[in-house]
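Enquirer: sequence first, predicted model second:
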Amino acid sequence: MESEYDMIALTETFLTSSVSNGELFPPGFHVVRKDRPGDCGWGGVLLAIRDRHNVKIVTDIVSMTDDKELIFAIVTFKNVKVLCCVVYLPPNYKDEQYLNVLTCIENVICTSLEYQYRLELA
């Protein structure tokens, strides 16, 4: 994949552990992904960031996100830190599950306020 993109976020990747990050991106990318458990080949999220940027995966929320297809990372572009979130919400989610995901996102944002971030919503 030849591109000039510095960050690529994907949902519904349908990836399993049999697919390596090297098959998806050339050298020079830091790839973080959360495949759906059980190698079922459904759902899944991925975040790929060029190595020239500092990436810190937010791991202190794993217990809150273990059952969710959700990745958080703090990416430093030059001198600006950006809190990135990639999330997949299956269409069969119940209202309570949607609220759980939103609560998780809210918790991460609130606990990250000690840093200076620019929040980008897309």
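Expert: That came in fine, so what should we check first? Numbering: from 1, shown residues only.
Enquirer: what's the local residue count around the closest residue to Gly28 other than its chain neighbours?
Expert: Of all residues not flanking Gly28 in the chain, Asp51 sits nearest, at 5.2 Å (CB to CB, 6 or more residues apart in numbering). Where you see a C-beta, it was placed from the backbone N, CA and C, and this is true even at glycine. Neighbourhood size, Asp51 [other CB atoms under 10 Å]: 10.
Enquirer: go on, Cys84?
Expert: 19.
Enquirer: same question for Gly22.
Expert: Using other CB under 10 Å, Gly22 has 10 other residues around it.
Enquirer: please report phi then psi for it.
Expert: phi -70, psi -20 (degrees, to the nearest 10).
Enquirer: how near is it to Thr16?
Expert: Remark: distance between Gly22 and Thr16 (CB to CB, to the nearest Å) = 15 Å.
Enquirer: so how far is the biggest helix by length in the chain from its chain's centroid?
Expert: If you go by DSSP state H, the chain has its longest helix at helix 95-111. Offset of helix 95-111 from its chain centre (CA atoms, centre = their mean, to the nearest Å): 14 Å.
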